[in-house]
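>>> Fold the following, please.
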Amino acid sequence: MRSDNIKKGIAKTPHRSLLMATGVSKKNMSSPFIGIASSFSDLVPGHIGLRDLERQIEKGIHSGGGQAFIFGVPAVCDGIAMGHDGMRYSLPSRDLIADCVETVANAHQLDGLVLLSNCDKITPGMLIAAARINIPCIIVTAGPMLNGESKCEKLTMIKGAFEAVGKYRDGKITEERLLELEEASCPSAGACQGLYTANTMACLTEVMGMSLPHCATAAAVSSEKRRIAFESGMQIVELVRQDKKPLDIINRESLRNAIIADLGMGGSTNSFLHILAIANAAGIGDDKSDGISLKDFEELSYKIHQFVKLEPSNDITMTEFHQAGGVSAVLKELLKSVPEFKDLEGVALAKTSEIVKNAYADKSVIHDYKEPFTTKPGLGILYGNISPEGSVIKISAVDESCYEFEGTAKTFDSEEAAMKALEEDKIKEGDVIVIRYEGPKGGPGMREMLAPTSLLVGKGLGTKAALITDGRFSGGTRGICVGHICPEAANGGTIALIENGDKIKININKRTLDLMVDEKTLEERRKNLKPYEIQQKGLLGKYARTVSDASHGAIV
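As a prediction, the model looks like this:
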């Protein structure tokens, strides 16, 4: 075992003495050493219940014959970090988490890991770590929050809280109703209720085979989740015995499976960043001839139909999706109907195949692939003179009447400036809000733009105005919103050259994003563009100096 490096032989007497100080018995000194990397935090709703799941995993590990060790990693709640400078730390935390897990697992020579996660950047950070370390790993995502409810109205964090702010400011609801919605929208522990980034990444983790069946969708407060945690603890010991490692599971085929499932379900645009970063950690990045790149998303987006439609583009939440069959039912449909989707065995081995084979599907939620919600994919890549290296739109969250949109640019060099204009009713029908210098380098940290997009929808402009940015969006964003524009403004991208009054054309059908300004004029503007200077120190300064662009996964 790898852990023999810290516990076997006369020379390791001091090491064993220190291990005994932690409570390891002489008998268990010969057991596989399994780390539980836990992102428990009192600050994050998705993570407040992890102490209970830690116990269940620990019981499973010891029942399976292993010795468990719990250690912590940071967690950021994007909803709480949003709309201020705190959001700059969200995306950088993904790589920080991967570094933390790698450091502890390698410094202590652990034989295997259970990665206990839930929210937006924590799950991909742990997947990146698993690929880097390549020792047996299994991921337990803690599960979604229960639906909120107030006066017989079903609520979610996005529609019950974020969009309610726009409705209140537009005079559609009273302050009393706003406060009622505030209190009722997030009623329990868990990841926010829709197919936003946290739940998207949990589903894709299950699709790849890095978590047990039903893990992605079982509610955070359910006994089923506790049983899955226990079984994951048992399973990791078996994986160590079999020496089954993440890179046996995370490969080109399983990542393409994840992309296909993402397109078919209409997941978060953030998945593009994370899948590319996971591919890079697994040694199959876009610098390899057979690697995963933005071209895989583009190619598959023309082939895959959207046959699942969840909140925020529908009223169906993760609770109903789980009851309708969840990821297993999605896999069953994809295996039956999509030739590009490969039949791969994951960490659950034959059990996965059997569960998928017998999966129940409520067809009102999980349609037959041949009778999809739309033949358009859930996500799309747009190219053009604004985004020659690509940009991303959540097609599933755009009304079909808006698939071709032309409007007038109103430019802002920060999210705060755009929010101020929205709050002061300076954004009108036909406008295209341009938010720049919010990319991975320019932010730095590539902040999510859920606050302005929610305010736009709340004010009734969701189909009448658009928003484009070199920043990114929450998985809860809906409306005509294009993000991840590359090159970003800080790297001299065209988005930095847009001026107020310019015409911008968004064409989802043709997958184009264009600035209707001639090249000669753009060259003149480029001559006057001042080079971007990095101002930040500390973590954000290091991040800005080392981060790649969004089209390569914003990796460091």
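
>>> phi, psi of the spatially most central residue of the chain?
Central residue of the chain (CA atoms, centre = their mean): Thr197, 3.5 Å from the mean position. When read as degrees, to the nearest 10, the backbone of Thr197 gives phi -60, psi -50.

>>> tell me the pLDDT at it?
Note for Thr197: predicted pLDDT of 93.

>>> ok, it touching Ser474?
Yes. Using CB atoms under 8 Å, Thr197 is in contact with Ser474, at 6.6 Å. Heads up, the C-betas are built off the backbone N, CA and C, glycines and all.

>>> can you tell me which residues contact the residue nearest to the centre of the chain?
If you count contacts by CB atoms under 8 Å, 6 or more residues apart in numbering, Thr197 has them with 78, 120, 268, 270-271, 474-475.

>>> Would you reformat the residues you listed as CSV and include neighbour count?
Shown next, in CSV, are the contacts of Thr197 (neighbours: other CB atoms under 10 Å):
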residue, neighbour count
Asp78, 27
Asp120, 32
Ser268, 33
Asn270, 32
Ser271, 27
Ser474, 31
Gly475, 28
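
>>> among these, which two are most distant?
Asp78 and Ser271 (14.1 Å; CB to CB).

>>> residue contacts, the closest residue to Met145 other than its chain neighbours?
The shortest distance from Met145 to any non-neighbouring residue, by CB to CB, 6 or more residues apart in numbering, is to Gly190 (3.2 Å). Going by CB under 8 Å, 6+ apart, Gly190 touches 45-46, 49, 118, 142-146, 219-221.

>>> Can you name the two of those residues that sit furthest apart?
Taking CB to CB, no two of those sit farther apart than Asn118 and Leu146, at 14.2 Å.

>>> ok, these two, which is more surrounded?
It is Asn118, of Asn118 and Leu146, that has more neighbours when counted by other CB atoms under 10 Å, with 32 against 19.

>>> wait, isn't that one in contact with Cys192?
No. Applying CB under 8 Å as the test, Asn118 and Cys192 come out as separate, 10.2 Å apart.

>>> which is the next helix or strand following the lowest-mean-pLDDT helix or strand in the chain?
Scoring the helices and strands of the chain by mean pLDDT, DSSP states H and E places helix 350-357 at the bottom, with a mean of 72. Per DSSP states H and E, the first helix or strand lying C-terminal to helix 350-357 is strand 380-382.

>>> what mean pLDDT does that following strand have?
93.

>>> What is it packed up against?
With contacts defined as 3 or more CB pairs under 8 Å, 6 or more residues apart in numbering; DSSP states H and E, the packing partners of strand 380-382 are helix 294-301, strand 391-393.

>>> Can you tell me what sits against the longest one?
Here helix 294-301 makes contact (CB under 8 Å, 6+ apart) with 255-256, 259-260, 263, 272, 276, 286, 340, 377, 379-381, 390, 511, 551.

>>> quick one: contacts for Ala466?
402, 405, 407, 431-433, 479-482, 504, 506.

>>> Just the buried ones from those, in ChimeraX syntax?
A single ChimeraX command selects the buried members of the contacts of Ala466 (16 or more other CB atoms under 10 Å):
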select :402,405,407,431,432,433,479,480,481,482,504,506
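
>>> re earlier: any chance of the helices and strands packed on strand 380-382 in TSV, plus mean pLDDT?
Formatted as TSV, those follow (pLDDT from 0 to 100):
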stretch	mean pLDDT
helix 294-301	92
strand 391-393	93
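
>>> out of these, deepest packed?
strand 391-393 (a mean of 27; mean count of other CB atoms under 10 Å).

>>> So in that sheet, which strands flank it, and in what orientation?
strand 380-382 (antiparallel), strand 480-483 (antiparallel) (DSSP bridges).

>>> who wins for proximity to Gly83 among the ones you listed?
Taking CB to CB, strand 480-483 is the member of these nearest to Gly83, at 15.9 Å.

>>> and the closest one, average pLDDT?
pLDDT averaged over strand 480-483 gives 95.

>>> again, but for stretch 524-537
Rounded mean pLDDT across stretch 524-537 is 92.

>>> How about stretch 509-517?
96.

>>> what sits up against it?
Contacts for stretch 509-517 (CB under 8 Å, 6+ apart): 298, 301, 380-387, 391, 403-404, 406, 409, 468, 482, 485, 494, 497-498, 502-507, 522.

>>> and the longest helix seen in the chain, what other elements does it pack with?
Longest helix in the chain, counting residues (DSSP state H): helix 223-242. Contacts defined by 3+ CB pairs under 8 Å, 6+ apart place helix 223-242 against strand 33-38, helix 50-64, strand 112-117, strand 137-141.

>>> quick check: angle from it to helix 50-64?
Interaxial angle of helix 223-242 relative to helix 50-64 (axes from the mean of the first three to the mean of the last three CA atoms, to 10 degrees): 40 degrees.

>>> Quickly note the distance from Ile34 to Asp52.
If you measure Ile34 against Asp52 using CB to CB, to the nearest Å, the figure is 18 Å.

>>> And for Asp262?
Here the distance between Asp262 and Asp52 works out to 30 Å (CB to CB).
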